[in-house]
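Colleague: all I have is the shape, not the residue letters:
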């Protein structure tokens with residue numbers, strides 16, 4: 001009786017194909033792993049670089065003569081400015097009193113649960129300090145820093161103003177200056193150093209960390 005032909009070559013080919021598929025699968029995983037590591041590395045480098053830029057701009061005072069002072073809104077408490085907003089307004093008032101700019105653009109819409117716009121509360125506060133109402137222009141609709149800056153830029157254009165002092169907390173300065181450039185007017189940062197969010201404090205460090213994420217969102221989505 002004849003024996004079947006040996007099947008060694010076929011078995012060898014099958015094993016080779018199996019090893020190839022395994023190596024190919026491992027190769028795909030390696031590439032995916034490297035891509036993930038590169039993405040994580042890029043994110044870390046970006047975060048560190050952004051934090052350094054934010055910190056440097058936070059410590060830079062570019063106060064100069066301008067057409068208007070743009071004050072970024074913050075929370076209002078039952079018709080009165082919160083400590084953060086009051087510190088910004090006091091700093092803006094000092095700039096106005098020193099003659100750096102003749103006009104205010106106050107920003108900030110109605111927050112969740114509020115009945116008054118942040119800018120309206122800010123206006124009342126400055127009028128109470130002796131600023132004439134004619135020296136104040138309001139932006140009442142902004143729900144975010146970018147919306148407020150967009151609407152402030154429209155007011156700048158309508159009044160043929162080109163230079164503005166940007167007043168907010170120090171950690172906010174880098175993003176605001178970038179927004180001013182993108183919105184086609186000259187923005188000069190004048191950080192509020194008397195804010196409850198003290199420069200060099202642990203609280204400021206937390207805000208800087210959040211600002212890094214917000215900056216990334218702005219650079220990618222422009223919002």
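Modeller: Yep, it's here. Not measured: the values here are computed from a predicted model. Residues are numbered from 1 along each chain as shown.

Colleague: for the rest of this, base every contact and every neighbour count on C-alpha atoms.
Modeller: Fine.

Colleague: poorly predicted segments of the protein, please.
Modeller: 1-26, 28-29, 31, 33, 42 (pLDDT under 70).

Colleague: can you show me the helices along this protein?
Modeller: 8-58, 83-97, 118-128, 145-158, 173-182, 202-221 (DSSP state H).

Colleague: and the fourth one, what does it pack against?
Modeller: With contacts taken as 3 or more C-alpha pairs under 8 Å, 6 or more residues apart in numbering; DSSP states H and E, helix 145-158 sits against helix 173-182.

Colleague: same question, the second one
Modeller: On a contact count with 3+ C-alpha pairs under 8 Å, 6+ apart, helix 83-97 meets strand 68-71, helix 118-128, strand 163-167.

Colleague: repeat for the fifth one
Modeller: In this structure, helix 173-182 makes packing contacts with helix 8-58, helix 145-158, strand 163-167, strand 186-189, judged by 3+ C-alpha pairs under 8 Å, 6+ apart.

Colleague: just how off-centre is it within its chain?
Modeller: 9 Å (C-alpha atoms, centre = their mean, to the nearest Å).

Colleague: and what of the last one?
Modeller: How far helix 202-221 lies from its chain's middle: 6 Å, per C-alpha atoms, centre = their mean.

Colleague: re the thing from before, kindly reformat the helices of the chain as TSV containing distance to residue 167.
Modeller: Shown next, in TSV, are the helices of the chain (distance: least, C-alpha to C-alpha, whole Å):
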stretch	distance to residue 167
helix 8-58	11
helix 83-97	6
helix 118-128	13
helix 145-158	12
helix 173-182	8
helix 202-221	16
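
Colleague: indicate which one of the ones you listed is closest to residue 138.
Modeller: Closest of the helices of the chain to residue 138 is helix 118-128, at 6.1 Å (criterion: C-alpha to C-alpha).

Colleague: work out the gap between that closest one and the centre of the chain.
Modeller: That offset, for helix 118-128, works out to 24 Å (C-alpha atoms, centre = their mean).

Colleague: nice, that's everything, thank you.
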